[in-house]
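**Student:** Pasting a predicted model and its sequence here:
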Amino acid sequence: MGFAVDTKMIKLFRTFAVLADVSCVQSNLGNTRSKYYSTLCNKQYNFSLRDGLFAQAKRQFKANRKPSRSADATFEGIAVESGPVPFKNLLKPLGFTIVFSAGSLAGATIWQYENMRTHAMSMVRKPTHWLQQSQKKMGAWRQELNKQWNSLGEGEKLYIPLFIMNAIVFAVWRVPRFQPFMVKYFCSNPAAKVLCWPMILSTFSHYSTFHLLANMFVLYTFSTGVVQNMGKEQFLGMYLAGGVISSFASYLHKAITCQASLSLGASGAIMSVLGYVCSEYPETRLSIIFLPMFTFSASIALKVIIGIDVAGVVLGWKFFDHAAHLGGALWGMSWCYWGNTYIWQKREPLLQYWHSLRGGTSR
């Protein structure tokens, strides 16, 4: 037993389709309803109650109405790879994670050597160097700018370039023609063709204003103090390594759950800073910005955050990339208890090797 859609019914559905097209500007639900009604208006269907096709279409329509919080839904019209991720596809990202993390720490060591060398040479030639510097900065505005910069702490001097890089990437997101490029290189996705460089580039990538401001506020709050203890070189090496390690943790979780999707943001790298600070200074009192009257120890805060992220991973919450948060936090904790002692404090051979390479150019 079946029935055909008559002409009056088609006109009625076309009217609904127009209304749905207007409402689709306001929500994704309107877009789904528009496609459903437009398809129904352009074709005549014989719905068989016996075969259950009408019930199947109804169930499909209800499923499409469910809102999605996935980052993929934000970039309409851009193809985003998805689907199961074979574990063999993680070998290359794993290698990149190891090489990039080691390179970040080695680069931080060399940077520290060069800073110490430059400072030592400037102290030797201090009178002449001071005269040359005073002659270079003749403009009043440059002198004032230099004065303001020198008044900043080491943590603030490191934070400002990081903030500027994140702000530039955020501005590029606002240009529609660049969004396919940004999705390809500034969003990590284990199902994508480009796997490695997005693991670190996505650490500087934020699509929403709130996401950017929230992450930059937390980074400023924790980085400016801890840099005084770690040094800017060690901090930056740990931060960059934390970004790529958290991305790999996200890849691994998505491969296990067969739910590939886009991820972006500095949260994973910032969680490594948070994990280090709360492990190094567990008795430090923290508070929530909007509730400053409630204080709690850093160790309690870290346990609560890790508990939330573990629950998010186990229960499949999609609002945050909880696996990336866990990867960053575990990296920060491991650096506090193990990395600083057995890696950073053992960097003397690299310093000596680099010193031997630079020895021929010293004057």
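**Tutor:** Perfect, I can see it now. Keep in mind the model is a prediction, meaning the values are calculated, not measured. Numbering: from 1, shown residues only.

**Student:** CA atoms for contacts and neighbours, from now on please.
**Tutor:** Noted.

**Student:** ok, the residue nearest in space to the middle of the chain - contacts?
**Tutor:** For the chain, the residue nearest the mean C-alpha position is residue 265 (2.1 Å; CA atoms, centre = their mean). By CA atoms under 8 Å, 6 or more residues apart in numbering, residue 265 lies in contact with 202, 203, 204, 205, 206, 211, 212.

**Student:** Among the residues you listed, which one lies nearest to residue 251?
**Tutor:** Nearest to residue 251 among the contacts of residue 265 is residue 202, at 12.8 Å by CA to CA.

**Student:** Chain neighbours aside, what residue packs nearest to that closest one?
**Tutor:** Take residue 202 and drop its neighbours on the chain: the residue closest to it by CA to CA, 6 or more residues apart in numbering is residue 186, 4.4 Å away.

**Student:** what sits against that neighbour?
**Tutor:** Counting by CA under 8 Å, 6+ apart, residue 186 has contacts 198, 201, 202, 204, 205, 264.

**Student:** now swap in residue 296 and tell me
**Tutor:** 285, 286, 287.

**Student:** Could you pull up phi and psi at the residue lying closest to residue 94 once chain neighbours are set aside?
**Tutor:** Spatial nearest neighbour of residue 94, excluding adjacent residues (CA to CA, 6+ apart): residue 248 at 7.0 Å. Here is the backbone geometry of residue 248 (degrees, to the nearest 10): phi -70, psi -40.

**Student:** circling back to that earlier point, per-residue pLDDT of the residue nearest to residue 202, please?
**Tutor:** Turning to residue 186, the model gives it a pLDDT of 94.

**Student:** Quick check: can you list the domain ranges of this structure?
**Tutor:** With domains defined by automatic domain parsing, the chain comprises 2-67, 87-121+132-361.

**Student:** Could you tell me the least trusted of those?
**Tutor:** domain 2-67 (a mean of 37).

**Student:** Please enumerate the strands of the protein.
**Tutor:** Ranges of strands within the chain are 2-4, 46-48, 285-288, 291-297, based on DSSP state E.

**Student:** ok, the last one: who's next to it in the sheet?
**Tutor:** It refers to strand 291-297. strand 285-288 (antiparallel) (DSSP bridges).

**Student:** who's in contact with the partner strand?
**Tutor:** 293, 294, 295, 296, 297, 298, 301.

**Student:** Next up, the contacts around the first one.
**Tutor:** Yep, that's residue 293 we're talking about. Contacts of residue 293 by CA under 8 Å, 6+ apart are residue 287.

**Student:** can we see that at 6 Å?
**Tutor:** Residues counted as contacts of residue 293 (CA atoms under 6 Å, 6 or more residues apart in numbering): none.

**Student:** In the longest helix anywhere in the chain, which residues are buried?
**Tutor:** In the chain, taking DSSP state H as the definition, the longest helix is helix 91-124. Going by neighbour count (16 or more other CA atoms under 10 Å), the buried part of helix 91-124 is 93-94, 96-97, 100-102, 104-110, 112-113.

**Student:** Stretch 163-177 too?
**Tutor:** Per 16+ other CA under 10 Å, stretch 163-177 contains these buried residues: 163, 166, 167, 169, 170, 173.

**Student:** Quickly name whichever of these is closest to residue 147.
**Tutor:** residue 163 (20.6 Å).

**Student:** where's that closest one relative to residue 280, distance?
**Tutor:** Distance of residue 163 to residue 280, given as CA to CA, to the nearest Å: 25 Å.
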